[in-house]
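Colleague: just a sequence and a predicted model for now, questions to come.
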Amino acid sequence: MADRLAARMRDIQPFHVMELLARARALEAQGRSIIHLEIGEPDFPTPQAVVAAASQALQAGQTQYTPALGLPALREAISAFYRQRHQVEVAPERIIVTPGASGALLLALGVLVDPGQEVLLADPGYPCNRNFVRFLEGAPLSVPVDAASNFQLSARHVEQHWSARTKVALVASPSNPTGTVVSTDELRAIHAAVAQRGGSLIVDEIYHGLIYGQQDETALAISDQLFVINSFSKYFCMTGWRLGWLVVPPAYVEAVDKLAQNLFLAASTVSQYAALAAFLPETIVELERRRAEYQRRRDFLLPALRKLGFGVPCEPQGAFYIYADCSRLVGDSYPFVIDLLEKAGVAVTPGLDFGSNDARRYVRFSYANSLENLVEAVSRIGHYLKSK
């Protein structure tokens, strides 16, 4: 059986954290108390207005396909959201509604990358990005990044690593796993460096809305000649609805439409009608309250981890993650997270899930959990470290 698998499957790795999560669930089934700081999913429910809109759509029989590019009313609503929140005009015709942000990334890479062409990616970074490139027979080029560049690709990295084979640079801001943000000035420099080399820039903004202490600025304010990915999963708390969007340069709309028709026909109709309520003023008020709660959690967990001996050289400015260096405490982060789960009942994600750049020095903490549980988790980790 294994010898019949496509060669690409040798290069596409599963998440290490899934094994950890399975063990955590097994321990919970035995009656153990487990605090989950490994899951990259909001702990808040979908806003009630969104749920109600979905119910109304079902009752009204809105269950047939929408156009491949998305429900026109939703594309208009997303355009209005950019106008109101960012003071940026984005024509609805450039907005493609997709089955999650993954669908958006697949479309963007599908219209840009030929077999063998390189895509520059930050290491550490979200692992699915490199796996998508490999799936399309492209060549993911993981660029080691560190605190000097805020754990982000920079224009200097583009200049150093771009080759004749390179076609695309992919930037995530805020990023997973570090929660760091690319400044507008740096993003403008990255775009210029990519454009000068005849390439394309994709900016992953799926954690937009979850930025703390500063305004979240979309890359669309820089140029209409780049690709932006966003999602209803994180800020809007709609992970299971599987809905995202892609903004493309005008010249790419027809190609993306053709590819979307062939890959998935359209995103979920019910989810699209539900998402119209995500932009209601009362929904935004609730989402902003949740954003403030995430900031409160970050402001507790960051100094608490540093006090325990974890190194966090760059303060996370967004998302709900802290990427922490545990090398002063343990020799290898992977056996550490296994042991921490077994002995302390705290689940965190090993750095190995995010690349190979010093991965065994790092772990990712998610603060998508209650402040009460975060306090308890810090206490458990402290006791665990003292017992070693």
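Modeller: That came in fine, so what should we check first? Numbering: from 1, shown residues only.
Colleague: any regions of this structure where pLDDT drops low?
Modeller: In the predicted model, the chain carries pLDDT under 70 at residues 1-2.
Colleague: which residue ranges of it form strands?
Modeller: In the chain, strands defined by DSSP state E lie at 35-36, 95-98, 118-123, 139-144, 166-172, 200-204, 227-231, 244-247, 321-325, 346-347, 349-350, 362-366, listed in chain order.
Colleague: by how many degrees do the fifth one and strand 139-144 diverge?
Modeller: Angle of strand 166-172 versus strand 139-144, following axes from the mean of the first three to the mean of the last three C-alpha atoms, to 10 degrees, is 50 degrees.
Colleague: strand 166-172 pairs with which strands, and in what direction?
Modeller: Paired strands of strand 166-172, with direction, are strand 118-123 (parallel), strand 200-204 (parallel) (DSSP bridges).
Colleague: dump those strands into TSV; add mean neighbour count and distance to Glu186 as well.
Modeller: Any C-beta I mention is one placed from the backbone N, CA and C, and that applies to glycine too. Shown next, in TSV, are the strands paired with strand 166-172 (neighbours: other C-beta atoms under 10 Å; distance: least, C-beta to C-beta, whole Å):
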stretch	mean neighbour count	distance to Glu186
strand 118-123	24	13
strand 200-204	25	12
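Colleague: out of those, which comes closest to Ala52?
Modeller: If you check each of the strands paired with strand 166-172 against Ala52 by C-beta to C-beta, strand 200-204 wins as the nearest, at 30.0 Å.
Colleague: pull the closest one out as PDB, backbone CA atoms only.
Modeller: What follows is strand 200-204, C-alpha atoms only, in PDB (Å, rounded to 0.1, in the frame of the first residue of the first chain):
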ATOM      1  CA  SER A 200       4.200  38.100  -5.900                       C
ATOM      2  CA  LEU A 201       3.600  38.700  -2.200                       C
ATOM      3  CA  ILE A 202       0.900  36.800  -0.200                       C
ATOM      4  CA  VAL A 203       0.000  38.300   3.200                       C
ATOM      5  CA  ASP A 204      -1.800  36.100   5.700                       C
END
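Colleague: contacting residues around that strand?
Modeller: 101, 105, 108-109, 112, 126, 129, 167-173, 175, 187, 190-191, 194-195, 219, 226-229 (C-beta atoms under 8 Å, 6 or more residues apart in numbering).
Colleague: just the buried members of those?
Modeller: By neighbour count, with 16 or more other C-beta atoms under 10 Å, those hold 101, 105, 108-109, 112, 126, 129, 167-173, 175, 187, 190-191, 194, 219, 226-229 as buried.
Colleague: can I get the strands paired with strand 166-172 in JSON lines with distance to Leu141?
Modeller: Compiled in JSON lines, the strands paired with strand 166-172 are given as follows (distance: least, C-beta to C-beta, whole Å):
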{"stretch": "strand 118-123", "distance to Leu141": "5"}
{"stretch": "strand 200-204", "distance to Leu141": "14"}
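Colleague: closest to Gly318 out of those?
Modeller: strand 200-204 (11.9 Å).
Colleague: next, the angle from that closest one to strand 227-231.
Modeller: Using the same axes, to 10 degrees: strand 200-204 against strand 227-231 is 20 degrees.
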